[in-house]
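Trainee: can't give you the sequence, but here's the structure:
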């Protein structure tokens, strides 16, 4: 319904998208060999206390063993190892946490939905960005279209919410 109602109002500037793709193609990007600890806050235990407990465990028995104990991710059985990840595919908030870290260091707490994440950089390398230009353009156009339609959806929902009252008598 939202698509049919608002699709004609979606405006995508293809020049900007083409510029983004050209920048992606010409830049070198970092790739990280990462390990993770993903955990949820426990009832009755303050988050700071749990984080300090995990950090102490990392210092005593190492990151991989701590991941085995504390992480609720599937990677826990492999010591938290998640493999090589390109910085392009990481969220901006995660990139920001990793940008000033060196090999062997780990991040502060990163909020991830209802969970929390600690990442360790096992290794790092610089790679030339090899992308399929047409696929990347299509992906960015689709992403921009979805973003705009999502905004229209929220606007429409708020209008409907204001105009309707449900009486449960």
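Mentor: Right, received. Where do you want to start? Values in this document were obtained by computation on a predicted structure and should not be read as measured data.

Trainee: after the helix or strand of the chain with the lowest mean pLDDT comes which helix or strand?
Mentor: In the chain, no helix or strand scores lower on mean pLDDT, DSSP states H and E than helix 14-26, which sits at a mean of 79. Using DSSP states H and E, the helix or strand that directly follows helix 14-26 along the chain is strand 28-40.

Trainee: Quickly run through the sheet partners of that following strand, with directions.
Mentor: If you go by DSSP bridges, strand 28-40 pairs up with strand 81-86 (antiparallel), strand 115-128 (antiparallel).

Trainee: Could you single out the most deeply buried of the ones you listed?
Mentor: strand 115-128 (a mean of 16; mean count of other Cβ atoms under 10 Å). Every residue, glycine included, has its C-beta placed from N, CA and C.

Trainee: Contacts for that strand next, please.
Mentor: Residues from elsewhere that reach strand 115-128, judged by Cβ atoms under 8 Å, 6 or more residues apart in numbering: 28-41, 47, 51, 54, 63, 72, 80-81, 86, 94, 97-98, 101-111.

Trainee: With stretch 22-33 instead?
Mentor: 83-88, 98, 121-129, 131, 133, 136.

Trainee: rewinding a little: for the least confident helix or strand of the chain, which positions count as buried?
Mentor: 17, 21 (16 or more other Cβ atoms under 10 Å).

Trainee: cool, stretch 82-98 as well?
Mentor: Under 16+ other Cβ under 10 Å, the buried positions of stretch 82-98 are 82, 85, 87, 90, 94, 97-98.

Trainee: The closest residue in space to residue 21 that isn't next to it in sequence and residue 81: what is the separation?
Mentor: Closest residue to residue 21 apart from its sequence neighbours, by Cβ to Cβ, 6 or more residues apart in numbering: residue 136 at 4.9 Å. Going from residue 136 to residue 81 by Cβ to Cβ, to the nearest Å gives 28 Å.

Trainee: Please work out the average pLDDT along the longest helix seen in the chain.
Mentor: If you go by DSSP state H, the chain has its longest helix at helix 133-163. Average pLDDT, helix 133-163: 85.

Trainee: Would you mind getting the angle between it and helix 14-26?
Mentor: Put simply, helix 133-163 runs at 130 degrees to helix 14-26, going by axes from the mean of the first three to the mean of the last three Cα atoms, to 10 degrees.

Trainee: Report the distance from helix 133-163 to the chain centre.
Mentor: Relative to the centre of its chain, helix 133-163 is centred 19 Å away, using Cα atoms, centre = their mean, to the nearest Å.

Trainee: which stretches of the protein have low pLDDT?
Mentor: 26-27, 128-130, 166-167, 169 (pLDDT under 70).

Trainee: which parts of stretch 126-135 are buried?
Mentor: Result for stretch 126-135 [16+ other Cβ under 10 Å]: no buried residues.
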